[in-house]
Each structure stands twice: as C-alpha cells, then as structure tokens.
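Enquirer: Here is my input, please return the structure:
(chains A, B, C, D, E and F)
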6 protein chains.
Amino acid sequence: MPRIKNNDPSVFIGCESNYGEAKVVMFGAPFDGTSSYRPGSRFAGSAIRNESYGIETYSPYLEKDLADFPVFDAGELDLPIGNACEALERIEEAVSEIISDSKIPLMIGGEHLVTLGSVRALAKKYPDLNIVHFDAHSDLRDDYLGEKLSHATIIRRCHELIKGNVYQFGIRSMTKEEDLWARENVVQRKYDFKTLDETISRLRGKPVYLTIDLDVLDPSIFPGTGTPEPGGVSFADLISAIHRTVDLDMVGCDVNELAPHYDNSGVSTIVACKVIRELILSII
Amino acid sequence: MPRIKNNDPSVFIGCESNYGEAKVVMFGAPFDGTSSYRPGSRFAGSAIRNESYGIETYSPYLEKDLADFPVFDAGELDLPIGNACEALERIEEAVSEIISDSKIPLMIGGEHLVTLGSVRALAKKYPDLNIVHFDAHSDLRDDYLGEKLSHATIIRRCHELIKGNVYQFGIRSMTKEEDLWARENVVQRKYDFKTLDETISRLRGKPVYLTIDLDVLDPSIFPGTGTPEPGGVSFADLISAIHRTVDLDMVGCDVNELAPHYDNSGVSTIVACKVIRELILSII
Amino acid sequence: MPRIKNNDPSVFIGCESNYGEAKVVMFGAPFDGTSSYRPGSRFAGSAIRNESYGIETYSPYLEKDLADFPVFDAGELDLPIGNACEALERIEEAVSEIISDSKIPLMIGGEHLVTLGSVRALAKKYPDLNIVHFDAHSDLRDDYLGEKLSHATIIRRCHELIKGNVYQFGIRSMTKEEDLWARENVVQRKYDFKTLDETISRLRGKPVYLTIDLDVLDPSIFPGTGTPEPGGVSFADLISAIHRTVDLDMVGCDVNELAPHYDNSGVSTIVACKVIRELILSII
Amino acid sequence: MPRIKNNDPSVFIGCESNYGEAKVVMFGAPFDGTSSYRPGSRFAGSAIRNESYGIETYSPYLEKDLADFPVFDAGELDLPIGNACEALERIEEAVSEIISDSKIPLMIGGEHLVTLGSVRALAKKYPDLNIVHFDAHSDLRDDYLGEKLSHATIIRRCHELIKGNVYQFGIRSMTKEEDLWARENVVQRKYDFKTLDETISRLRGKPVYLTIDLDVLDPSIFPGTGTPEPGGVSFADLISAIHRTVDLDMVGCDVNELAPHYDNSGVSTIVACKVIRELILSII
Amino acid sequence: MPRIKNNDPSVFIGCESNYGEAKVVMFGAPFDGTSSYRPGSRFAGSAIRNESYGIETYSPYLEKDLADFPVFDAGELDLPIGNACEALERIEEAVSEIISDSKIPLMIGGEHLVTLGSVRALAKKYPDLNIVHFDAHSDLRDDYLGEKLSHATIIRRCHELIKGNVYQFGIRSMTKEEDLWARENVVQRKYDFKTLDETISRLRGKPVYLTIDLDVLDPSIFPGTGTPEPGGVSFADLISAIHRTVDLDMVGCDVNELAPHYDNSGVSTIVACKVIRELILSII
Amino acid sequence: MPRIKNNDPSVFIGCESNYGEAKVVMFGAPFDGTSSYRPGSRFAGSAIRNESYGIETYSPYLEKDLADFPVFDAGELDLPIGNACEALERIEEAVSEIISDSKIPLMIGGEHLVTLGSVRALAKKYPDLNIVHFDAHSDLRDDYLGEKLSHATIIRRCHELIKGNVYQFGIRSMTKEEDLWARENVVQRKYDFKTLDETISRLRGKPVYLTIDLDVLDPSIFPGTGTPEPGGVSFADLISAIHRTVDLDMVGCDVNELAPHYDNSGVSTIVACKVIRELILSII
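Expert: You can find the predicted model right below:
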C-alpha cells in the first residue's frame, strides 16, 4: 500500500516535478522573528500548499497550465526560531545550491527579512543584480529599534549589497526619514505600478530579483498580513504587474508576508496561491 | 395572544404577500452536497432572511420600495442531505408549481447545482429558454471526479437541456479543457460585464433564466463563499448588471453560493440581501 | 521608577502634547445605546488608540508628520450606559470647554448620535454652522421606532439646530420618506464625493463641522461597523475627500461607527487610525 | 403553495402549539441597552430559535419529549432600542396577559434587566413571590454609575418589589458593598448549588420565579456572554439544578444573557437551547 | 536537492515508518456528505497532520514515545464528494488490504458514516466482531429523513452487520425511538464510561473495533465538531478510557467528526492529535 | 482640561498607586521571539490592562479588594523584537531596580523565556532562591533546535542558576529525555497540584519565585495560548493553588503565555485578569 498522492499538502498544486527536471524550484522560508506588529507569517508556506487545491492549475489570463511546466516544490526550510542571522545563512545556502544548478528559486516567506538571504546568494553570482520590489512599506530604515536585520530594514540592506539598483512600487507607508532617503537613493513609485513599464524597459537584459510583499495589496482583498496598510493596489493590478515582468531576465523571486491566522475567511491564502500560480507561469 | 410579527426570521424583509397575490415567489434550496472545496451554502437562506432586517426595503438606485410590490417568501424547501438526484426533483416540482401559476420563481441556493432543478422545470415550459449566467467559474466540466451532477458541471448540464443558449459573464476560473470547450459552445465574457448590453439586445423578447453565483463578486466584498476567486467584479458592477436585466423577459432566476460561516463580519450575507432586493425590484 | 511611556495605549500615536499647547483636542465618546442593528462602537476609541502603534506618524500623501504638530488626546469621556440624553450633555460640555479655549475638537465615536452633543456646543458659538457629512446612511428620519434621539435621526436633529446647512456625501441607504425629504431640505450627493469641490467652494470662510461615519467606506475595506452597506467609497476616495477639506474653516469634527469586534482581521481599526491621522494633518 | 414549515426559524423546535392549548408560553425580550461590558444579548432569541434544530426534542435525562407537550412560542417582543423604562413596561404587559390566562411565561433575554418586567407582572398577582436566581453576578447594586435600572441592579430592584425573598446560587462576582449587603438581605450560595435542596424544601408550595443568567456557567462551556466569569458551574451542574426545580410551584421563569456573537463556534447557543429544553420539560 | 522533510504536513508526527514494517496503518477518510447540521469534517485529516507538530511524540501518561513504534501514515483516501455508497466501497477496499496484511487500520474521519466502510471489511474477516463506541449520539436510527446511510444511522447499520455486539459509552442525545430501541438491542452506558471495565472484561479475547466520535467530549474542550452536545466527558475521562482498551484485542479503530473550521482557537484539532497519539500507543 | 482617567487602558484596574508607596510593582515583558508553535504572547500585557475593566476589584474568595492595596503598574517594558539576550538584560535591570527598593515584582509575559531575566536578578539577591512553577510543559530541555535560550529550555536555565530548587506542578507535556532528567533533578508533580501543600511546608521561610505559565490551565477555559495542552487544571484548581501560596515568602512572580489573538471570545484574557487579581491579593 503506497502513500496516497491525493491533494498532497506537502506540495503546491501542479508542482510535482523532481528537482532534476525542474526549471523553477519553490521552497518555504518560515521565519517571522523580527515582525514588529503581528507575527505569524511563518505559517504561510504550509497554509499555501494546503489551500492550493482550492484553485485551478490553469490561468485564463495567460492561457497556460501549471501542470504543463516543470516546477519542483522542495517544502519548508528548517529555520531556527528567533535567530535571524542563522536563518539568513540557511536561506543563502539553499538559494546558492538552486542557482548553481541553473534553476530559478521562488521563495515563499515568512517575513520580508528572508529576502536578504536570497539576495546575498544571487548578488554573489550576479554582481549587477537589480531588485524590483512590490510593497506597501519602503523597508528602507537603517535600523529598527537598534536592529540592523529587520523586516523594516531589509531593502536598505539589499541596497548596500547591490549598489543601489532598487525599484519600488506600491509604497505607501514609511517614516519621514525613509521618504527623504528614498528620493536620493532608489527609484520609488508610490501607491501603484504606473511607471513599471519604464522600469522594465530600463532593466531589459539585466539580472533581476523580484520581491513581492503581499501587503502591497489593499487589505480589503488581503487582510491576512502582519502590517495591513489601507490604500493598496487591487488583485487585478498586482496580477497585471506580475504578467508584465515576463520581459525581465528574472533570476530569482519571492512572495512573502502572508499571515494566514489573521484572515479567518481564508481568502488571503487563496490570493497568495493565485499570485504564485501567475508568477510561476510568468517566469517560466 | 397572537404570534408577534416583528422582524419575522422566516420571511425576507418586505416580502409578506400571500401566494395568491404574489408576482414573484422566493424560496430557499438548502443543498450543498457536491461542494468540493468548502461546504456551507445550505445555511444561506436562513442567514439571508435573518439578516435582511439589517437593510432597508427602499432602493435608492431604482427609487422603488420592496414593500410596494407583491412578493411571497415560501421559506426553505425540505431537501434530502447528500442525495443530489432527489433534491433536484423536489426543486423541479416546486418551480413547476410556481410557473404553472404564472409567477416568477426566485430561488436562493444552496450550491450552484440547485439551478439544474429550476432549469429543468422552465425548459419544459420554454423550449427556447436562454440562460444568463454570472459567475467566477464556468461550471462547464462534463464530469467532476466522475460525477455528472456537481456544482462544477451544472452549466454543462443546463447547456444540454436548452440546446446551448448560455451567456456567461465574470468568468475567471476554469480548466484548460473547459476554456477550449467554451469557445466553441457558449458565449463567454471573462472577468466583467462589458458585453452584457449586447447580450440583452440579442435576447430581447426571448425567455431568460438568470443565475447568479455570488462568487462572481470579488472576495474582498464577498468572502463568505465556498470557492472564493480573487479578481472579481465589484458590488457596484454586479448591481448595475442586475439593473440592466430589466429589459429581459425574465421567467425565473436564482442567487446562490453564499456560505455565511466563512465570513464572521456578516458582510457577505448583507451583500446577498441587497442583491436580492435589487433583483426583485428589477424583475417585478 | 517612572511609568514606562512605550506605545502608551491611553494616547493615540504621536498625540502627546499637553492641553495648553494643543491646537487639536481628541477625545472618545464611547456611547452606542441606540444602535439598532449591531452594537459595539463604544469600543472604538480604545481599539483605535491601542492599534495606532501599528501605523506610522508620517503621511506620504501630505508629507507631514503627526509628531510635528501639537495634538492632545484627552482619553475617553465617562458616559452613562443606555442614557442618551445624559451622554449628549456630557459631550456638549466637553466640546464647549475645548472650543472656549480656541481649540478644535476631534471626537471619536461611538455611534453617530454622539455628533449631536458636539454640534449643540458648536451651534451655540457659531450660529451659522454648516455640516459636511460623509456617510452611507442619510440619518434623516424624524424619529426611529418613536425615538427622537437615535443614530438614525441624528442629522435630522442637527438640521433643526443649524437651520439646514447640511451637505451629505456617499449616501446609499435610506427610507423612501427620507429620500423625498432630503430632496427638499439638504444638499445630498449619493454614492460618492463627485460634488465635494463645489460644496467646499460654497462654504469657504464659513464655520464647518465635519462628521465622518466610517460606514461611508465600502465594507470590503471596513467590515467592522454596526450597519455595513455594500457599494461604498474606497479608502483612497475617502482620504482624498478628507485632504480636500483643508480649504474649509473647520471648527470641529468627528469620526464614528467603528465597531471593532465585527472585524477579526483588525483591518477596520487600522483604517480608522489612518483616517484620523490624515484628518488631523488636514485640519491643523 | 403554502409556506413551507421545515425547521421554521420563527419557532423553537417542538414548540408548535397554538396559544390557546399551551401551558407554557415562550417569548423573546431582545433588549441589551444597559450592558456595561459587551452588548449583544438582543440577538439571543433569534439565534436560539435558529439553532434549536441542531438538538433533539427528546431529553434522555428526563425521558420526556418536547413534542409531547403544549408549548407556544410567541416570537420576539417589539422593544424600543435604548429605552429601558418602555421596554420593561412592554414586557410587564406581555407577562400579565400570559399569566391572566393561567399559563407559565418563559422569557428569553436579552440582558438580565428584562427580568424586572416579568417580576413586576408576577408580583402583582403573587404578593408572596419568591425568586430563585442562578447567576455569576449578584446584581445587587443599588445603582450602577447613577442608574437605578441596570443589569447590575436588577435583583436589588426585584428584592424591593417582593420584600426580600431572593435565593441566589452560583454567585462569584460582586463589589465589596454588594457582598456585605447580601449577607444581611438575601440567601446567597456562592460558586455552586450545594444548598439548593434546602431552598427547594423551604419554598415548597409558595409561588416561585426562576431567573437563569446563563453566565452562571463556566465560560469554558459558555463563552458567548457579555460578562464572562471564570470559575462557574458545569453544564451538568446547571441541568441537574434545573431538574430539581420540578418540586417548586413555578409561576414564571427566564433564561438570559446569551450574546451569540462572542462565540464563533456556536456552542453557547446550543447550550442555551438545551437549557431551555430541560427547563420546559421540568416545569410542565 | 531532495524534498525537505521538516514537519512534513503529509504525515502525522512520528508516523514515518514504511508500510511493510508498520503494525498500525493510519489513513484519512475525508467524507462528510450526510452531515445534517454543520459539515466540514472532511478537512479533519489534513488539519490533524498539519497541527500534529504542535504536540510531543512522547506520552507521559503511558511513558511511551510514538517515535519508537512502527506506524505508517498513508495520507487521505480519494473519496467522491456527495456519493456515500462509492465512498464506503473505497474505504472497505483500503481496510481490507490493510487487514489482509495483518496490520491494524486506524481511520481518521470524516463524518461517522465512514465507520461503516471499515466495519464491513472487518466483519468479513471477523464474523464475531464487537464494536465499542464512544459518542454523544447513539446513531441508532433506522433511517434519517428516508436515508439508510447517514451519520445518524451508522451504528444501526453496523448492528445489522455484526449481529448486535455493540457497546456504547458517553451517549447523551437521541430520539425517543432510539432510546427505546437501544434498551432492547445494545449495551448502552449514558453520559460516561463508568461501566467500561465490565465491558472490557466481557470482551477479552474477542475481536473488537473501537470507534470514537470525538463529540463524546464536552464541547468546552471540543467545540470544533458538526453537532456539539453539551454535557460530555472531559479530555482526561476520554484518555483514561482509551488507555483501558489496551486489554482488548483491537483489530481496527477510527477517530472521527473533527470539523476544524468551527474552532478558530485550534484547540479541537490539538485534542484530536493527542487522542490519536494515546490511541496508537494503547493499541500497539 | 486634564486627561480623563476613566478605565485608563495603561493601568490594570485598581492598580493606581505611585511607585513610592507600592508594595507590588507590576510590569509587562512583551517578548515572544522564541515561541515555536504560535506566537502572540507579546500582546498579553496590553490586552490584560484593557480588559481588566471587565472584572471587579473585589475577590469574594479572599474577601479583599484590590483598591485597598498599594500596587503600581509600570506599563510595558520596551523590549527589542527578536533579540532574546538583550530582552533578558532589560528585564533583569528592571527587576533589580524593583527589588532594590524592597518591592515585589509581578511580571506579565510574553513567552515563558522572560522568566529568566527576572530570576537572574532575584538569584543575585537571594542565592538560595526557590522556584515554584505551574505549567503544562516542563521546559527542561537543555537546548531547543540548538538554541540555549528558548521558551522550551527556560526552567533548565533557571535550574542552573539556582542550583536546582525547582518545584513543578501541572506538568503534562515533555520529551522522553526531559521526563528522565526531571526524575533526577527537580521535584515534579504531573497533571495537578496534589502535593503543593507539602512543597509549601518545605519552603516556609525561604525566598520563593512563583512562575505561572497560564497554559497549565485546561484549554477549555484558556484556549488563548501558544501551545495549548488538553488535560489541564481547572480555573478553580489554579486559583486555589495561588491562594495557598500566601504562606510562602514570595520575593517575585510572573504570569505568562497569554496569546489573546487565538481566543476570539475574550475569555482567556479575562481568566488572566482574574488570576492576576487573586495573585496580587495573595502575595500582598
């Protein structure tokens, strides 16, 4: 009697390739140790896999089917609780292995800090790496209550690593200091994706990492997150922005900050599932 | 001492006519036996009546008042649990009685499969029946895990009955096979109601059944449903589409797939109540 | 060992001035005794202060920071439970004191009836007071189930006090009688803020009281309220309308009808916090 | 086509007699205007009727079936919101009618204050009325924040009316003043029902009113109430106490303080339904 | 890069043996098609595996560790939605395979009807099979609204199969007819486990199937179930009863009726996990 | 206009002394960085103060009133997110100041790890310190996934500091290794408080620190915690155990592991409030 393979909760729907044949490798990074407001994003990967069987593998937007492409879902990394340094090292190690095999890593957070582990690995391989960043928060503080490694400083840390090639969209929350600093140091589009096409043209042919903090969405459609910020983009806006990244030379990406416990209706988790489906079908 | 008639939870607000004088007859079809993802739509009718006292009977959109029109609310049908065939027969019987008395049936689901009972009765009376279908899902599978009668196959079954006169709006989830089949066999508008006016013109003077799966709405405003699909229409879009159906020769209609337990805020149930109010005021 | 002043839940974030130096005085009016559908707005003030530490003090919309302006948060008034007359007297007394010191009162409801206490105080000082009213409901009944003082009659009562200078926006629920009466007696814009600029021009230089019933927002973004009404304005619409009031001579304002228990996700409370931040930064 | 009588939410399960033949008359008193902590008991009657179809009509404890006894469920009284005096008058009037027809009134609160309306009617007919009171709170304050009519003063008001024949059980929350006053003026058993048999012996042959504040139950089994008090009695304890009252000459009774919104699991409402079933089967 | 095996949600904690070496084989039966009150037990198996990582593998009660015993978790059976006959056949087939390999099947429901599939398989192998049944409901109806196969008739169906050797414990809800029938036909202990030791002595050496409907527990500790019944046994009572079954010759067992959505706190799922741990350690 | 002092959410009810006159100093330690299963205890202090106005200051158990004793509530410590070492240092510093002024510290967690900061300060002043520990979990691991500082190792760390004088009660979850180690190294009473009186006799006259992990309670009454463990003590058991500690020479204490978000009913927070009231009235 073999294990029954019916709606296997350890694998995202339609992502049943083995590692060897896969072009995209998905894995979870269940860390939320620096969440300042409401923790819980560590449960995102598990919730996403479990609920992914509530959506179809087929995208009517792209007229493509997840089942037709080779994606490997490696499961959840084993990250230490409450130790950000060690967690980032393990993420870096995993991403290094994936990219050394010429595959595209797709990381499911966790809090936004996990992006740093991934970017460290990619910045070594691609010294001219660019980051396209969808978020409600600019995450550009130099430190947060004295800490250098935090969900509120993550893009600042990335900025240091990659010499500034940061393009932000959807931003609508920050301190005064972050706002002033951003004007000098990054390309930031507030509230929406209006200038995304320009950025995509500019980045054509260059290696790009896409990091999606799902709280870029309006909390009407995505209440299940640690720091909800009213005034965000719609689901259609986000999906459309993701579809446009097909013209980028994407070398890695992540989707983070789903905290499923805060949305009893389950809609936030389904939103994350569809974002991941559209993202995979756009980058593959 | 008579029964107190204050906010009577067995009747939708403002629908206190008797059967004889009524032009519209409302009834519930509490069946959700084939729900594949999250069951619970069987509780919709009861929740809708109970919460209907939280809205007004007056529509500012139409400048009409439910209290001024003769509507009879018959209550909830007695349907067997877990027996789809028998449930459909009882629905067909109830609808047959209503239409033989020249009244318009308005059925409150239940899962979408209940529509089939209603369409069977109407297709007998109107061999040239047309279906206008608002939904997130195309519901056009030939079978679902081997079952011919399912919420996922319901429009395919209707299509067989009425020789194909199916017009779909708001569709955004399906399998690849359904998408291909739909192109050959039905008129399908994805995501929105942009082509509704054309369809209405085309159907003028012909008998029309309107079936509204409330998950056509975006889950931001309607999370309380079995299979929420982000990227849907707004409440204003749906109301406006309903208002436009005033030009159709509507011989029956239904509103289905509210699953009230999944929305603790109660908003989804209120949405259903207002949809029903606007629908009645549009068809009467 | 002094009291620790870390995220003090008795004060809204950034509102730490003393009374003497303050230009705006914020206080809570925890009364919901006439709520007809779902009570609980009495808990709004406490929830708002507690969760205000989840937002930033800086507004990217206005490029201003709450921390840079003198605002005093007086806490919650001590109001009797279930005694509307007495509650209104205590509110009137508090507002009278604030305006006699030439400060602007910002009241946090409670149900909408609390506005009457505030308007009574202001109408004495400003006989030509005007009311700008954002709401889903017109609140223009003469009585509600026989009661003259109710959340459903509050604007009618104000109208009597100030001889009719009432400008309503976003209204989408009322009885037929209210709709007819409104056409003769107030300036009412249904559903949105399209005519707000006209009103602002017309009121320039005149004393204005702004009362915001948060249920003017669509329940997709604000489910946590006693009487949710689908079809409302978006958060961006409301914020933009508030920003435009900067051209008014605002002598008082309130924000009411958050009922935090009905939104387990916490988003409604965060929405209220951001509305208050933008409102303070607009009027100061 | 008649109204369908399937699980009619306007009537408690098994209580389908007409008024004339009934020995017990059940009605709801949906008033919660003086609730100091968490309102919502106004929704109890409606929730109880709706969910009563989740229990059986048969009691294995008593080996009796609700369907075998004549009980009339009159529905919910029409009570003014936020006007305690008027609400109490309407309750008194309803109870007076029921007892003048030699039937036993069973009132479903609402908050505990509604008991006063019922006791006023009964004290007129039975000047030697006794009250047996199950509750977590002694409700013996002379006034609450200045108000004489409140859920916190209700038993003190009754005590004045009936010259002191008050027997309390399960009490575990009070002020110091109430505790001292109780020692002089009432018979009070704290925490449990240990002395109930003595009281029943003492009251044999005398007219008794039983008032059950459901928060006498431990909040582990009954979280859905305005003022939960840990350390209460178990469901088995309460049912057993109710069964013992069969030896009393019960002339009226009530069950109050269910606030269904605070218990998403629905268990509190089911508890109330079973308490009502056992109570009816004990007094009939 | 292999699949990461960290807290694998497709396997119950500590049950990582392969089929060959296993003595106990656990599998899920996600069927809830005949639930009459509140569906959702189909999600139990998935929730149980996911949350099992919140408990320890070690039982201090038994001083045994799940990690030390060979248990295979086969995952969730693929059962048709809304087709009870077919679902029961597939369960029977799975159980037949397990017992033909001389292993003990431990089935995780699903609604209680799934037990019939398992008992059919076992009754073929053991014509003298006995059933020990822990439940709040006697499940002894001959039919339920005309249906022979239902969660309310399941033990009656089993009784027919095994010629009556049914021993029930904890029963506290039934119709009058069921109560009368039970007195003639089964051994039934109401409310508790007081006579369990007698039954165990009597059954020594005979093949026994243990079926645990988790609603035997009081809903204070187990609210997450379709038909909660106040007045149940405590967790300590249930665990102790399970431990006593070590003296039985157990040939199969099941644990059913967790409906995780009704308990937002997650406690009900944890309760189920600990019951399963103690059950495995008792039968192995 | 002064700050209104009505139900001030920054102070626990009845704890309004200043620091100088206080005998007990209460403060919050909002840290949950090492929670392995479900985080959120960082919100406990704030929730407890806010909801404390739902209970009385008077204890009928002890016939004492919190308002009659000098207690200072210092508010919430400012602790770094995700940095356990620094958090523990700040706690140690605060406790050191309190005990150097001969006052008793009462710390409100946060996760259980915060106890270590308090014990470090007290162990310096009292080298012969003893710990009485109420908990579901023994917390005696040497490390947890490699970390020495964790909620799962906290009592092991304390044991090292105070040379072993650890007395545990209510323990019902541990690894096999912890169970074996405990037998050699601590005094552990499993499941209940049966041997508490012996321990109290033995500790008479010696300095004692009492640490209460609220998950010692059964999750039926306390679901709002990170790691609920069925089979715990009742509220009455815990209160009674606390009352018995009046005979100890208590030099400090804490109450931890409330995670209010997991209990939507609010009961868990009220339980924590009453435990704190009884604890203060027992130690003062």
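
Enquirer: Tell me where chain A has strands.
Expert: For chain A, the strands defined by DSSP state E occupy A:24-29, A:58-59, A:64-65, A:71-76, A:104-109, A:130-134, A:166-171, A:187-190, A:207-213, A:249-256.

Enquirer: looking at the ones you listed, which is closest to D:Lys206?
Expert: For these, proximity to D:Lys206 was assessed by Cβ to Cβ; strand A:71-76 is nearest, at 68.4 Å. C-beta coordinates here come from the backbone N, C-alpha and C atoms, glycine included.

Enquirer: Would you work out how far apart the start and end of stretch A:53-71 are?
Expert: Its first and final residues considered, stretch A:53-71 spans 16 Å by Cα to Cα, to the nearest Å.

Enquirer: quick one on the thing from earlier: what's the closest of the strands of chain A to C:Ser46?
Expert: strand A:207-213 (29.7 Å).

Enquirer: ok, and does the closest one reach over to chain B?
Expert: No: using Cβ under 8 Å from any Cβ of the partner chain, strand A:207-213 stays clear of chain B, with a minimum separation of 14.4 Å.

Enquirer: hmm, back to that, Throw the strands of chain A into JSON lines and include mean neighbour count and distance to chain C, thanks.
Expert: JSON lines is the format used below for the strands of chain A (neighbours: other Cβ atoms under 10 Å in any protein chain shown; distance: least, Cβ to the nearest Cβ, whole Å):
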{"stretch": "strand A:24-29", "mean neighbour count": "26", "distance to chain C": "23"}
{"stretch": "strand A:58-59", "mean neighbour count": "23", "distance to chain C": "24"}
{"stretch": "strand A:64-65", "mean neighbour count": "18", "distance to chain C": "29"}
{"stretch": "strand A:71-76", "mean neighbour count": "24", "distance to chain C": "25"}
{"stretch": "strand A:104-109", "mean neighbour count": "25", "distance to chain C": "19"}
{"stretch": "strand A:130-134", "mean neighbour count": "25", "distance to chain C": "16"}
{"stretch": "strand A:166-171", "mean neighbour count": "25", "distance to chain C": "8"}
{"stretch": "strand A:187-190", "mean neighbour count": "18", "distance to chain C": "6"}
{"stretch": "strand A:207-213", "mean neighbour count": "25", "distance to chain C": "16"}
{"stretch": "strand A:249-256", "mean neighbour count": "24", "distance to chain C": "18"}
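
Enquirer: Save those as JSON lines, and put in mean pLDDT and distance to chain E too.
Expert: Below are the strands of chain A laid out as JSON lines (pLDDT from 0 to 100; distance: least, Cβ to the nearest Cβ, whole Å):
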{"stretch": "strand A:24-29", "mean pLDDT": "97", "distance to chain E": "7"}
{"stretch": "strand A:58-59", "mean pLDDT": "98", "distance to chain E": "20"}
{"stretch": "strand A:64-65", "mean pLDDT": "98", "distance to chain E": "21"}
{"stretch": "strand A:71-76", "mean pLDDT": "96", "distance to chain E": "4"}
{"stretch": "strand A:104-109", "mean pLDDT": "98", "distance to chain E": "10"}
{"stretch": "strand A:130-134", "mean pLDDT": "98", "distance to chain E": "24"}
{"stretch": "strand A:166-171", "mean pLDDT": "98", "distance to chain E": "29"}
{"stretch": "strand A:187-190", "mean pLDDT": "98", "distance to chain E": "34"}
{"stretch": "strand A:207-213", "mean pLDDT": "98", "distance to chain E": "20"}
{"stretch": "strand A:249-256", "mean pLDDT": "98", "distance to chain E": "15"}
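
Enquirer: With distance to A:Cys85 added, can I get the ones you listed in TSV?
Expert: Shown next, in TSV, are the strands of chain A (distance: least, Cβ to Cβ, whole Å):
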stretch	distance to A:Cys85
strand A:24-29	14
strand A:58-59	38
strand A:64-65	39
strand A:71-76	19
strand A:104-109	17
strand A:130-134	21
strand A:166-171	23
strand A:187-190	28
strand A:207-213	20
strand A:249-256	18
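
Enquirer: now for the ones you listed, which one comes closest to B:Tyr19?
Expert: strand A:58-59 (45.6 Å).

Enquirer: at contact distance from chain B, anything in the closest one?
Expert: Yes: under the criterion of Cβ under 8 Å from any Cβ, strand A:58-59 makes contact with chain B via A:Tyr58.

Enquirer: Can you name every helix or strand that that strand contacts?
Expert: strand A:64-65, helix A:267-283 (3 or more Cβ pairs under 8 Å, 6 or more residues apart in numbering or on different chains; DSSP states H and E).

Enquirer: Please identify the most buried of these.
Expert: helix A:267-283 (a mean of 25; mean count of other Cβ atoms under 10 Å in any protein chain shown).

Enquirer: just the CA coordinates of that one, formatted as PDB?
Expert: Extracted C-alpha coordinates of helix A:267-283, given in PDB (Å, rounded to 0.1, in the frame of the first residue of the first chain):
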ATOM      1  CA  VAL A 267      -9.300  34.500   1.200                       C
ATOM      2  CA  SER A 268      -5.800  35.900   1.800                       C
ATOM      3  CA  THR A 269      -4.300  32.400   1.400                       C
ATOM      4  CA  ILE A 270      -6.200  31.900  -1.800                       C
ATOM      5  CA  VAL A 271      -4.900  35.200  -3.100                       C
ATOM      6  CA  ALA A 272      -1.300  34.200  -2.300                       C
ATOM      7  CA  CYS A 273      -1.900  30.900  -4.200                       C
ATOM      8  CA  LYS A 274      -3.100  32.600  -7.300                       C
ATOM      9  CA  VAL A 275      -0.300  35.200  -7.200                       C
ATOM     10  CA  ILE A 276       2.200  32.300  -7.000                       C
ATOM     11  CA  ARG A 277       0.500  30.500  -9.900                       C
ATOM     12  CA  GLU A 278       0.600  33.600 -12.100                       C
ATOM     13  CA  LEU A 279       4.200  34.300 -11.000                       C
ATOM     14  CA  ILE A 280       5.400  30.900 -12.000                       C
ATOM     15  CA  LEU A 281       3.600  31.000 -15.300                       C
ATOM     16  CA  SER A 282       5.200  34.400 -16.000                       C
ATOM     17  CA  ILE A 283       8.800  33.500 -15.200                       C
END
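
Enquirer: That helix vs strand A:207-213, what angle?
Expert: Counting by axes from the mean of the first three to the mean of the last three Cα atoms, to 10 degrees, helix A:267-283 lies at 170 degrees to strand A:207-213.

Enquirer: Is helix A:267-283 in proximity to chain B?
Expert: Yes: using Cβ under 8 Å from any Cβ, helix A:267-283 reaches chain B at A:267, A:270-271, A:274.

Enquirer: Rounded mean pLDDT for that helix, please.
Expert: Here helix A:267-283 scores 98 as its mean pLDDT.

Enquirer: what helices or strands is it leaning on?
Expert: Against helix A:267-283 (3+ Cβ pairs under 8 Å, 6+ apart) you get strand A:24-29, helix A:44-51, strand A:58-59, strand A:104-109, strand A:207-213, helix A:235-244, strand A:249-256.

Enquirer: what residues does the stretch 51-200 of chain A put near chain C?
Expert: A:171-176, A:179, A:190.

Enquirer: Mind putting the residues you listed into a markdown table with distance to A:Met107?
Expert: Converted to a markdown table, these look like this (distance: Cβ to Cβ, whole Å):
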| residue | distance to A:Met107 |
| --- | --- |
| A:Ile171 | 21 |
| A:Arg172 | 24 |
| A:Ser173 | 23 |
| A:Met174 | 24 |
| A:Thr175 | 27 |
| A:Lys176 | 31 |
| A:Asp179 | 28 |
| A:Lys190 | 26 |
